[in-house]
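**Q** Here is the input, now give the coordinates:
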Amino acid sequence: MDGGGNENKIEDEDKQALAALSSVPSPHRAKVHSYSQQLRGEKKPYRQGRKHSLDGIPAGGSRPLSSSDDDFSNYSLDEEEGALDLKPFTPLGEFVAAVSPAAAGSSSPGPGGGSGSGSVSGGKGEAIFKVPTRAAVHPGRPPCLELRPHPLRETQVGKFLRNIACTETQLWAGQESGVRFWRFDRIYDPGCGLGGKVRRGDEDAAPFQESASTSPTFCLMVDAANGLVWSGHKDGKIRSWKTDQHPPAANAPFKEGLSWQAHKGPVLSMVMSSYGDLWSGSEGGVIKIWPWESIEKSLSLKSEEKRMAALLVERSAIDLRSQVTVNGNCSISSSDIKCLLSDNIRAKLWCAQSMTFSLWDARTKELLRVFNIDGQTENRVDGGEKGQQQQPEKPAKEGKGKSVNKKEKGQGFLQRSRNAIMGAADAVRRVATRGTNAFVEDPKKTEAIVMTADGMVWSGCTNGLIIQWDGNGNRVQDFNLLNKNTAVQCFCTFGARIYVGYASGIIQMLDLEGHLLQMWVAHSNPVLKLAVGKGYIYSLASHGGIRGWSTLSPSPIDQILRSELAGKEATYTRKDQFRVLIGTWNVGQGRPSQEAMMSWLGSTAGDVGIVVVGLQEVDMGAGFLAMSAAKETVGLEGSAIGQWWLDNIGRALGEGSVFERMGSRQLAGLLVSLWVRKNMRQHVGDVDAGAVPCGFGRAIGNKGGVGLRIRVRDRIMCFVNCHLAAHLEAVNRRNADFDHIYRNMVFGKPTIPNAAGMLLMILRFLFCCCSLAFSTYLIWILYYTYGFPFILSVAAGVSSSSHTLKSDNNNNGSSEDTKPELSDADMVVFFGDFNYRLFGISYDEARDFVSQRSFDWLRERDQLRAEMKAGRVFQGMHEAIITFPPTYKFERNVPGLGGYDSGEKKRIPAWCDRVIFRDTRPGSSTPSQCECSLECPVVSAVIQYEAVMDVTESDHKPVRCKFHIQVAHTDRSVRRQEFGEILRTNEKIQSLLEECRVVPETAVSTNSIALQNQDTAILRITNKSAADKVVFRIYCEGQANFKDEGDEAEYRARGNHGFPRWLEVTPAAGIIKPDNSIEVSVHHEEFHTLEDLVDGIPQNWWCEDTRDKEVILVVVVQGSGSTEVATHRVHVRHCLSAKTLRADSKSGSRRGQKSDPKQQSGSSDATDDSRSSQKP
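**A** Numbers count the residues shown, from 1 in each chain. Prediction:
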């Protein structure tokens, strides 16, 4: 609606001010939240354990490639009685030709693609307005294994996956209700389908087994030595799971083994040290050690003794935080534990917290060093830090005689008022856009940590910074390979490569020097975790999808797979069709009758699957607008009037029996809602909402846009309800409003704040209310004193200054603009009161043409049509032929065309209310020219576009537009089968895989070592290859004790193949260059000094053992990129008696001296014991 009074008297200078807005850079996009019914199940809030949990995923940056996952589940539509009848797939060109104008009432089949004399298409514009590229196989990343296709969010309530880890034969995943695992020998098998026995969202996933329900799983750890997977949970418990699960019945959940209460808060991270002890971290900087001896004893107890086993482990705990606390002062930070990392090369353990690291000795459990993220050693004393911080100096009190700047003194009331308004509006907008992160977030918080084969440690930060450390905690160098502020979420390593997962969904592959080898968009959501198993790097996205990326990529195999998969496109392509109804109405703060609602929506919704309704001017009071802006800053939205509209739309559509409301979003007077027919509900999900204000200072929602984004049968569709700037002359401002909405629309799901978040929200709400009240007071003073044109010039100044400020803050040294989220959608529909008018025509002339229904001539005078043809607005989009009278402006409750405004202003009739769209067809294509396929997955046709002229409750007429949409999508289960079949049967791929299995020839200097107390022997590993590096690691396969000669050896492994406490192996891992060798020190250490406490009683687990002991060391070697490994076994015996020593060793070494390795074995070189395609 238009305002009155001075609003029509805009002078030239004000026009220039408004026109200048279109060239101002867009401000930073503020994340907004959806309104209601985003998830069908209600989930209770819980305390956030770690930053990359599902509750607080940091926003991703821009992406260099298309971010479309193109990975949704394939559903088959259930034909229920009375359900929507979807006809067999028909080419869209034939369908459009078959639709007659008579069948569509007053509408005509619009072109969608721009065909027809009355249609209009927007100019091409810049790249962000172009149709996204789609293909059967994504050209911008390596071919991947879809182990678990992206499930719809609504199907995952209480089942979201949080973590993954790989054993030798399985992939395990921790979820909100327990754990599950996939067997590698079944990863190419088809899913169960929609009618199968699995939960919705898993119908296309490879077959898996699931555990009984538990508390949410926060971390996973694999114990390969004992065939166990350990999980840490929100309830503070640690649970063990056997990897050889055999459920008693089909699909029966398996149960946990040993479990105990480890922490009061959630278990955030776990790791096995190089000596087999389990370390766990929780909130408040709490670190505990669970000695392997107590765990081993508890594991040996029967299931009936489960409670006793748990008590045995709980009593053995070593609380490291209490050990480094003296007189109430602790040496380590009290922030939550982010990651624990075992340095098996040097027998150390790293503990990463948000801003600090602590380095521990894995054997003695002593604190070696505490340092911050900049590498500076900290003498931390928790509790005394506040006193060490320098307080900011307070400015001196200014007396009456303070000096005033002459320039400031010379400013009159006019200039001071303008500055005050600009400052207040900018303060409100800054609080609104910065969010809670602006108050507490530090851009360099540590999120992930990993150790590489060369012994270096790498950590990733929330600002995308990657830092390299040496083994002693010295900062070596740092990298920022994305040049964007997107958080590093996870790492993993394979051979001499490092894989990095980002919050933007990107995965990078680096070498050990930090050089970028490859980068691709792996998911459309943040990458939560990476894990290596069976020739794949598995990535888990926050939406729950899991993909496998070949460890051989980049390689010629990638191109072969792309070509073969593309050639089988027809086998896994599925096509569906449905109809969508779009309704838009500027209600002018009115409340229509139910008959009007039925005439507008109910009468035409009988054959549609999705209904999207957009309203403008639901409420436009000054107080409501101010309160709405304040509520937006704290993540709140909606109103009682908005709820009234939702209830009445639901009644018109038959909510509950026919349709279901999936989501809605309100911004001041703008409201958009989405409804889905019940039999189509299972195919629609991932509903996200967004809002962009375009009113005063780009902060008030009287003008702007609200949008909903959904996924339908594989494809992303966005619906944006807009109310653009009013008045005939404000064409440039309307164009600028569209551009602002398109570039800044950000979709997101709702978040539930905790107590601290609620306090921040209340404080921000009060601040915004005060600022808005002050701004409103000044605006009214200036309005009555200087008139509306001056207010517009002030608004232009506020908007310009705020644009400049946010643009500077958002660049962060990068000039590359962020890619709008709308540009990635397969279909985008803009609708609402666009406010474009008819130009070059008088009121009487317009009335005459309308009465004669001469719409062709009127369309030539349409501002929107002219601007779209010139490529200045709605670039790359289309509008169907307009065959209905102008929808603005009417007298209320006056029927017929005689109801056009006949008052004093006599506003010229105009098509203000419009529906404009684009799909995946190129801009010049028509329905008959572009067939629906995976390359052009969404093809639409307008079959109804009309105004409902008999509704008189507003000065605008409601408009409706019905689309017939055809969608092509991938059957992920079938394509996974084809993927596996290609790998098994393609001869070229098999030949290339065989070449990658080659392991460089290596040799070890001995296969038997004997040690006495404090003895040291040297084990030499030689790389005989002249071309390839060798990556090696050493672990302990087990230990046996011998009381008498001739005793049978029974080797027992410690946790995760840890070394016994009496043995030091240094280095236990590393890289050997071609034609080089490395010397490994094997040392016996008498270790009788450290005492573990159990209920305050010293326990020396090993000091009373006088038996001879023997361990088997396994040397695992592989090439820098080979898929197989080779192993060497070395027996190391600790001999206490001279008889045993003479029998088993010819060495004459003395205590503290090195033994000659050549005297400890009959052969100087030991050959390979075995080869395996997987690491043990």
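**Q** and Asn893, what pLDDT?
**A** pLDDT for Asn893: 88.
**Q** For it, give me its contacts.
**A** Under the criterion of C-beta atoms under 8 Å, 6 or more residues apart in numbering, the neighbours of Asn893 are 952-953. Just so you know, the C-beta spots here come from the backbone N, C-alpha and C atoms, and that holds for glycine as well.
**Q** if we go to 6 Å?
**A** Neighbour list for Asn893: Thr952 [criterion: C-beta atoms under 6 Å, 6 or more residues apart in numbering].
**Q** Leu671 now?
**A** Contacts of Leu671 (C-beta under 6 Å, 6+ apart): 615, 618, 642.
**Q** Out of those residues, which sit inside helices?
**A** Using DSSP state H, Gly642 are the members of the contacts of Leu671 that sit in helices.
**Q** Mind giving me the PyMOL select for the contacts of Leu671, buried ones only?
**A** The PyMOL selection below is limited to those of those classed as buried (16 or more other C-beta atoms under 10 Å):
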select buried, resi 615+618+642
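**Q** which residues does Met221 bridge with?
**A** Listed beta-bridge partners, Met221: Trp230 (assigned using DSSP bridges).
**Q** how much space between it and Arg665?
**A** Remark: distance between Met221 and Arg665 (C-beta to C-beta, to the nearest Å) = 41 Å.
**Q** same check, this time on Cys492
**A** Distance, Cys492 to Arg665, by C-beta to C-beta: 38 Å.
**Q** More neighbours: which of those two?
**A** Neighbours per residue (other C-beta atoms under 10 Å) separate Cys492 from Arg665, with Arg665 holding more: 28 against 20.
**Q** Can I take it that Ile982 is in a strand?
**A** No - counting by DSSP: H, G, I helix; E, B strand; the rest coil, Ile982 falls outside a strand, being helix.
**Q** wait, what's in contact with it?
**A** Applying C-beta under 6 Å, 6+ apart to Ile982 gives the contacts Glu564.
**Q** what do you get if the cut-off is 8 Å, keeping everything else the same?
**A** The contact partners of Ile982, by C-beta under 8 Å, 6+ apart, come to 560-561, 564-565, 989.
**Q** do Arg199 as well
**A** Counting by C-beta under 8 Å, 6+ apart, Arg199 makes contact with 155, 159.
**Q** again, only this time at 10 Å
**A** The contact partners of Arg199, by C-beta atoms under 10 Å, 6 or more residues apart in numbering, come to 151, 155-156, 158-159, 192, 205, 210.
**Q** next SSE after the helix or strand containing Ile449?
**A** Using DSSP states H and E, Ile449 sits in strand 446-451. Downstream of strand 446-451, the first helix or strand assigned by DSSP H and E is strand 457-461.
**Q** Now for Asn986: which residues touch it?
**A** So Asn986 contacts 557, 560-561, 564, 992-993 (C-beta under 10 Å, 6+ apart).
**Q** now the strands for the stretch 701-850 of the chain?
**A** 704-712, 715-723, 827-833 (DSSP state E, counting those that start in this stretch).
**Q** bridging residues for Asp343?
**A** With DSSP bridges as the rule, Asp343 is bridged to Lys348.
**Q** ok, so what distance separates it from Asp470?
**A** 11 Å.
**Q** With Phe218 instead?
**A** Distance from Phe218 to Asp470, counting by C-beta to C-beta: 30 Å.
**Q** close enough to count as contact, Ala652 and Leu601?
**A** Yes - at 4.9 Å, Ala652 counts as touching Leu601 under the criterion of C-beta atoms under 10 Å.
**Q** shaky segments in the stretch 1051-1176 of the chain?
**A** 1087-1106, 1136-1176 (pLDDT under 70).
**Q** For it, which segments count as strands?
**A** So, for the stretch 1051-1176 of the chain - with DSSP E, counting those that start in this stretch - the strands run 1063-1066, 1069-1072, 1077-1084, 1092-1094, 1097-1099, 1108-1119, 1125-1134, 1154-1155, 1170-1172.
**Q** Distance to Ile610 and mean neighbour count for those - can I get that in a markdown table?
**A** Conversion of the strands of the stretch 1051-1176 of the chain to a markdown table gives the following (distance: least, C-beta to C-beta, whole Å; neighbours: other C-beta atoms under 10 Å):
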| stretch | distance to Ile610 | mean neighbour count |
| --- | --- | --- |
| strand 1063-1066 | 63 | 19 |
| strand 1069-1072 | 56 | 20 |
| strand 1077-1084 | 64 | 18 |
| strand 1092-1094 | 64 | 16 |
| strand 1097-1099 | 67 | 11 |
| strand 1108-1119 | 53 | 22 |
| strand 1125-1134 | 53 | 21 |
| strand 1154-1155 | 77 | 18 |
| strand 1170-1172 | 53 | 12 |
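**Q** and of those strands, who's closest to Leu278?
**A** Closest approach to Leu278 among the strands of the stretch 1051-1176 of the chain (C-beta to C-beta): strand 1092-1094, 13.4 Å.
**Q** re earlier: tell me the buried residues within the contacts of Arg199.
**A** Buried subset of these (neighbour count, 16+ other C-beta under 10 Å): 151, 155-156, 159, 192, 205, 210.
**Q** and which of those is nearest Lys297?
**A** Comparing the buried ones among the contacts of Arg199 against Lys297 with C-beta to C-beta picks out Glu210 as the nearest, at 29.8 Å.
**Q** Check the gap between that closest one and Lys197 for me.
**A** Separation of Glu210 from Lys197 (C-beta to C-beta): 11 Å.
**Q** go on, Phe839?
**A** From Phe839 across to Lys197, the span is 64 Å (C-beta to C-beta).
**Q** quick one, which of the two is more surrounded?
**A** Each of Phe839 and Lys197 has its neighbours counted (other C-beta under 10 Å); Phe839 has more, 14 against 10.
**Q** Would you map the strands across the stretch 251-400 of the chain?
**A** Ranges of strands in the stretch 251-400 of the chain, per DSSP E, counting those that start in this stretch, are 259-261, 269-272, 278-281, 287-290, 318-319, 325-326, 329-330, 337-343, 348-353, 356-361, 367-372.
**Q** Ok, which of these comes nearest Val706?
**A** When these are compared by C-beta to C-beta, strand 337-343 sits nearest Val706, at 36.8 Å.
**Q** Tell me the helices and strands packed up against the closest one.
**A** strand 217-223, strand 269-272, strand 278-281, strand 348-353, strand 356-361, strand 446-451, strand 457-461, strand 488-494 (3 or more C-beta pairs under 10 Å, 6 or more residues apart in numbering; DSSP states H and E).
**Q** Report the inter-axis angle for that strand versus strand 488-494.
**A** Between strand 337-343 and strand 488-494, the angle comes out at 20 degrees (axes from the mean of the first three to the mean of the last three C-alpha atoms, to 10 degrees).
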